[in-house]
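> would you be able to build a 3D model of this:
(one chain, ligands or ions: 2)
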Amino acid sequence: MGQTQCYKILSSHLVDGSLKAGESIRIRIDQTLTQDATGTMAYLEFESMGIDRVRNELAVSYVDHNTVQVGFENADDHEYLRTVADRKGVIYSRAGNGICHQVHLERFALPGKTLLGSDSHTPTAGGIGEFAAGAGGLDVALAMAGIPFSLIAPRVIGIRLTGALRPFVSAKDIILRVLERFGVKGNVNSVFEYFGDGVSTLSVPERATIANMGAECGVTASLFPSDGNTLAFLKAQGRAEGFVPLSADEDAVYDDVFELDLSSIEPLAACPHSPGNIRKVSELEGMAVNQVLIGSCTNSSYMDLKKAAAILSGHHAAPTVSLGVAPGSREVLMMITEDGTLDTLIKAGARILESACGFCIGNHQSPGTDAVSLRTSNRNFHARSGTASADVYLVSPETAAYSAITGVFSDPRESGADLSSVRMPESFHVDDSMFIMPTFSAEVKRGPNIGEPPVNTPLPEAVRGHAVIKVGEKITTDHIMPAGARLKYRSNIPHYSRFVFESVDPTFHDRAEAYRDKGESGFIIAGASYGQGSSREHAAICPMYLGIRAVCAVSIERIHQANLCNFGILPLLFEDEDDYASIDQGDELELLDPRSSTASGSFILRDITKGKDIPMKLFASEDQKKTLLAGGRLNEVKA
Ligand code: MIC
Ligand code: SF4
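Numbering: from 1, shown residues only. Ligands and ions are numbered 1, 2, ... in the order given. This next block holds a predicted model:
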């Protein structure tokens with residue numbers, strides 16, 4: 001039986017375990033990436049392991065998230081990251097060089113390799129045929145230490161692309177169509193593998209857009225074949241030597257196949273407040289728009305900006321619309337500067353934003369009260385923009401650009417623009433001067449906001465306390481640990497933990513702290529798909545710091561589940577989903593025999609308030625059970 005592309009890469013990197021969907025495996029990680037918002041903690045963790053230098057093939061530290069620098073904290077973090085990278089053998093990508101996923105695709109991603117990144121959109125590199133997954137900072141720190149990465153061998157869902165996109169329909173619309181089909185929950189431990197005739201109609205940056213937002217479906221990775229277009233992209237980046245052809249065998253068997261005729265897709269939008277809430281742009285036409293933002297790791301490539309500029313050319317943003325453009329990388333910025341695209345954008349009234357995450361993570365450009373914001377980014381979770389009353393719609397650069405001109409939601413097929421001259425360049429403007437190569441000599445500098453990563457205690461004999469909070473379904477890690485204005489506290493856990501669940505229940509922190517200080521173990525009760533979205537391990541570390549010992553949920557997303565285990569919080573699932581309804585916030589709860597239950601995987605959660613015993617199952621691999629008993633991965637590594 002033929003192999004999928006995914007299993008070809010996994011088998012060439014397999015360290016142990018059997019390559020069967022659902023089994024625990026460990027794979028060798030070739031490349032790692034970190035970004036500054038998760039990176040400080042990852043390098044603090046790496047340092048605490050006492051290892052002198054990174055042991056994987058390539059490690060890159062990007063600075064792209066916290067570049068706003070209000071106060072000293074961000075700049076101090078950058079300096080820590082620069083010096084620790086130099087010391088430990090990591091390439092440092094300076095602020096201004098661009099968004100990690102865009103830059104990694106341009107300069108380092110390679111077909112057939114494995115990449116682990118402390119950011120949930122690391123799968124972007126799947127557009128070039130790399131097996132790329134997001135993880136918590138600690139897992140990436142372990143990969144830098146040369147320790148194999150544990151994962152569940154995924155189900156491989158084949159997505160057969162046929163036909164070609166019609167004009168003004170773009171890669172973003174393809175992934176929005178995929179999101180419409182698969183939704184944002186229920187795809188844990190799966191990989192999307194694209195194949196079929198339609199693949200050859202898509203360039204690497206377009207494939208990367210699609211792979212990027214597979215993260216919104218919750219899949220571990222997304223993969224495209226490595227073919228002639230991959231070679232052309234690598235050549236244009238001056239990296240042709242890294243090319244290897246790669247695809248699934250003709251007779252590869254997928255766990256499921258989704259047939260997608262590209263010519264049947266029309267412009268789509270993800271409506272508030274979920275990337276899975278898809279509607280046709282034609283159904284939204286006429287709705288007033290206040291803000292249009294083009295950029296983010298999903299749609300900030302040279303071609304994306306060229307297409308947007310072709311539509312904007314000769315026009316001006318409507319007076320009611322604030323138009324912002326953030327080129328994904330310095331390379332993109334230099335290219336649009338040289339070929340006049342930047343001039344077109346400026347003439348159209350665009351506010352040129354830094355090549356960084358910026359608006360996407362609510363760092364700036366928060367929309368006004370009740371505003372409608374059209375963005376080419378990948379997440380429109382409630383309040384992520386920084387404005388709780390705003391409605392954020394995720395669209396293609398084409399839809400964004402045309403709507404900026406008209407001032408209302410508009411279908412780009414009606415723009416009458418000419419996109420025929422927009423072509424992939426034969427060579428990109430390569431300039432690696434914003435990468436700093438390690439010299440192993442710097443003195444590591446730590447600003448006053450940078451603290452030690454906290455460690456948990458081993459799992460105690462008794463776990464008793466209260467349901468500190470009960471939340472509904474699809475709680476994202478943005479709900480658990482806000483970014484935006486709070487982002488600068490990522491290196492200071494005691495302070496950052498003041499904001500746990502801020503947008504859901506601002507009283508959570510005080511309650512959790514009071515229970516913790518009485519010596520109790522806290523419980524979080526949650527519905528389906530708890531921990532969607534970002535890889536931020538702070539969504540586990542900060543609750544841990546506040547005494548949380550168990551999350552009892554209907555289901556938990558992959559990266560967050562791993563982060564919980566890494567920091568000694570028990571991820572427990574209801575055996576009978578209906579039991580979720582019976583627990584109320586404030587109930588007194590106890591886990592019977594937590595240590596032996598961890599070993600067996602079956603728990604009884606006693607709701608003392610209700611006088612009810614609730615069967616729960618531990619959502620953890622055999623390795624993770626050991627981690628949970630030890631009270632987290634750092635305890636294990638240091639032991
Ligand atoms: C995001 O898009 O939510 C982020 C910010 O890039 C996060 C990482 C973080 O929280 O630092 C992610 O996607 O993992
Ligand atoms: Fe940055 Fe947004 Fe991409 Fe996250 S999703 S890496 S915040 S651009």
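
> please count neighbours and contacts with C-alpha atoms only from this point.
Will do.

> how about the nearest residue to the residue of the stretch 351-500 of the chain found nearest ligand 1, chain neighbours excluded?
Going by C-alpha to the nearest ligand atom, ligand 1 is nearest to residue 361 of the stretch 351-500 of the chain, at 5.7 Å. Nearest residue to residue 361 in three dimensions, chain neighbours excluded: residue 484, at 5.8 Å (C-alpha to C-alpha, 6 or more residues apart in numbering).

> that neighbour contacts residue 366, correct?
No. The pair residue 484 and residue 366 fails to qualify as a contact (C-alpha atoms under 8 Å) at a distance of 9.4 Å.

> now the common contact residues for those two.
Shared contacts of residue 484 and residue 366, defined by C-alpha atoms under 8 Å, 6 or more residues apart in numbering, comprise 385, 386.

> residue contacts, the residue nearest to residue 269 when sequence neighbours are not counted?
Spatially, and ignoring its direct neighbours in sequence, residue 269 is nearest to residue 395 (4.9 Å; C-alpha to C-alpha, 6+ apart). For residue 395, the contact set (C-alpha under 8 Å, 6+ apart) comprises 172, 173, 268, 269, 270, 374, 375, 376, 377.

> ditto for residue 575
Taking C-alpha under 8 Å, 6+ apart, one finds 615, 616, 617 in contact with residue 575.

> try it again at 10 Å.
Applying C-alpha atoms under 10 Å, 6 or more residues apart in numbering, we find residue 575 in contact with 553, 554, 602, 603, 614, 615, 616, 617, 618.

> distance check, it against ligand 1.
29 Å (C-alpha to the nearest ligand atom, to the nearest Å).

> got it, and residue 33?
Taking C-alpha to the nearest ligand atom, one finds residue 33 at 12 Å from ligand 1.

> same question for residue 625.
24 Å.

> so which helix or strand takes in that residue?
helix 622-630 (DSSP states H and E).

> next one: phi and psi at residue 112?
phi 90, psi -10 (degrees, to the nearest 10).

> so who does it touch?
Contacts of residue 112 by C-alpha under 10 Å, 6+ apart are 5-6, 8-10, 12-13, 30, 126, 128-132, 225-226, 242-247.

> so which of the contacts of residue 395 comes closest to residue 576?
Closest to residue 576 out of the contacts of residue 395 is residue 270 (31.9 Å), distances taken as C-alpha to C-alpha.

> surely the closest one touches residue 213?
No. Between residue 270 and residue 213 there is no contact under C-alpha atoms under 10 Å: 11.6 Å.

> give the residues shared as contacts by those two.
176, 179, 378, 379.

> list just the nearest of the residues you listed to residue 154.
Among the shared contacts of residue 270 and residue 213, and counting by C-alpha to C-alpha, the member closest to residue 154 is residue 179, at 18.5 Å.

> burial count for the closest one?
22 (other C-alpha atoms under 10 Å).

> the one 3 residues further on too?
Counted with other C-alpha under 10 Å, the neighbours of residue 182 add up to 17.

> hmm, which helix or strand of the chain has the shakiest average pLDDT?
Least confident element among the helices and strands of the chain, by mean pLDDT, DSSP states H and E: helix 633-638 (a mean of 90).

> which parts of that helix are buried?
633, 634, 635 (16 or more other C-alpha atoms under 10 Å).

> over to stretch 451-463?
Going by 16+ other C-alpha under 10 Å, stretch 451-463 has these buried residues: 451, 453, 455, 456, 458, 459, 463.

> any idea which element the most centrally placed residue in the chain lies in?
The chain has residue 120 as the residue nearest its centroid, 2.0 Å off, counting by C-alpha atoms, centre = their mean. Using DSSP H and E, residue 120 sits within no helix or strand.

> residue numbers of the stretch 251-400 of the chain in contact with ligand 2?
296, 297, 357, 360, 361, 378 (C-alpha under 6 Å from any ligand atom).

> give me the subset of the residues you listed that lies in strands.
Nothing among those maps onto strands, per DSSP state E.

> doesn't residue 422 belong to a strand?
No. Membership of residue 422 in a strand is not supported by DSSP: H, G, I helix; E, B strand; the rest coil, which gives coil.

> test my guess that it contacts residue 168.
No. Counting by C-alpha under 10 Å, residue 168 is not a contact partner of residue 422; they are 11.8 Å apart.

> find residues that contact each of these two.
residue 307.

> just to revisit the earlier point, nearest to ligand 1 among the contacts of residue 575?
residue 553 (21.0 Å).
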